[in-house]
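Engineer: what follows is a predicted protein model with its sequence.
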Amino acid sequence: MSVDVPRVLVVEDEPSQREVLAYNLEAEGFDVSRAETGDEALLLVEEDAPDIIVLDWMLPGVSGIEVCRRLKMRPETRGTPIIMLSARSEEVDKVRGLETGADDYMVKPYSVIELMARVRAQLRRSRPSSVGARLEFEDISLDAETHRVMRGAKELKLGPTEFRLLTTFMEKPGRVWSRDQLLDRVWGRDIYVDTRTVDVHIGRLRKALRQYGGTDPVRTVRGAGYALG
């Protein structure tokens with residue numbers, strides 16, 4: 001599976017609804033993980049952060065609203081979009097869900113087609129490269145659809161790994177990515193790669209970005225990882 005496929009975590013305790021959601025998301029080309037409790041969801045997010053979470057409000061143990069609250073309090077997961085599903089249709093419940101941090105709210109029973117559209121809409125905001133968007137940072141522009149990178153008026157030559165690294169950085173300028181997070185996003189969770197490999201490819205990316213002169217936009221954060229800007 002391509003490492004660029006957006007990852008969706010479905011958190012739903014009712015087995016049939018969970019499988020319907022997972023089936024439709026996989027049919028749309030997403031990489032889907034499943035959780036049936038709030039505790040399991042929090043553990044999965046900690047182990048392998050998804051790109052978006054579809055979260056049921058009513059869960060055994062830790063509720064969906066509490067899962068949402070905890071994730072939105074953490075700097076590393078605050079930006080992960082959460083679409084909350086609930087049978088609660090009162091306006092006060094929707095407001096509570098959104099105020100807790102949910103990025104969207106859908107009332108059960110919902111249209112699966114509409115939910116897929118909302119998932120894609122949230123990903124366009126949080127992971128623009130997944131929908132072929134053009135990314136820009138200072139004098140660097142990256143076209144995710146044509147796989148072209150420009151710095152000023154010059155086209156840069158990047159290898160496929162360096163291109164994925166730069167895409168990851170340009171989606172969230174300023175964010176510090178640990179080596180493990182970069183391994184997971186760029187190489188994929190099913191492939192074993194030594195963390196030192198990240199440093200090698202960061203070095204190649206820096207060289208490529210400076211091939212026509214200019215400053216090095218990649219910042220090393222001691223003890224933490226790397227960031228763009």
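Structural biologist: Arrived safely, thanks for sending. Please read these numbers as outputs of a predicted model, since none were measured by experiment. Numbers count the residues shown, from 1 in each chain.

Engineer: tell me which residues of stretch 119-126 are tucked away?
Structural biologist: Along stretch 119-126, these residues count as buried under the neighbour rule (16 or more other Cβ atoms under 10 Å): V119, Q122, L123, S126. For every residue, glycine as well, the C-beta is placed using N, CA and C.

Engineer: and the gap between E14 and M58?
Structural biologist: Distance of E14 to M58, given as Cβ to Cβ, to the nearest Å: 9 Å.

Engineer: same check on M84?
Structural biologist: From M84 to M58 the distance is 11 Å (Cβ to Cβ).

Engineer: give me the more crowded residue out of the two.
Structural biologist: Applying other Cβ atoms under 10 Å to M84 and M58 shows that M84 carries more neighbours, namely 28 against 15.

Engineer: is that one in a helix, a strand, or coil?
Structural biologist: The three-state assignment at M84 reads strand, by DSSP: H, G, I helix; E, B strand; the rest coil.

Engineer: quick one, helices of the protein?
Structural biologist: According to DSSP state H, the chain carries its helices in the segments 15-27, 38-47, 64-73, 91-100, 112-126, 160-171, 179-182, 196-209.

Engineer: against which helices or strands is the second one packed?
Structural biologist: Contact partners of helix 38-47 among helices and strands, from 3 or more Cβ pairs under 8 Å, 6 or more residues apart in numbering; DSSP states H and E: strand 7-11, strand 31-35, strand 52-56, helix 64-73.

Engineer: between these, which one is closest to L156.
Structural biologist: strand 7-11 (27.8 Å; Cβ to Cβ).

Engineer: how about stretch 69-78: buried residues?
Structural biologist: Within stretch 69-78, judged by 16+ other Cβ under 10 Å, the buried ones are R70, L71, K72, T77.

Engineer: for these, could you give me a markdown table that also reports pLDDT and distance to V62?
Structural biologist: Shown next, in a markdown table, are these (pLDDT from 0 to 100; distance: Cβ to Cβ, whole Å):
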| residue | pLDDT | distance to V62 |
| --- | --- | --- |
| R70 | 95 | 8 |
| L71 | 95 | 11 |
| K72 | 92 | 14 |
| T77 | 87 | 15 |
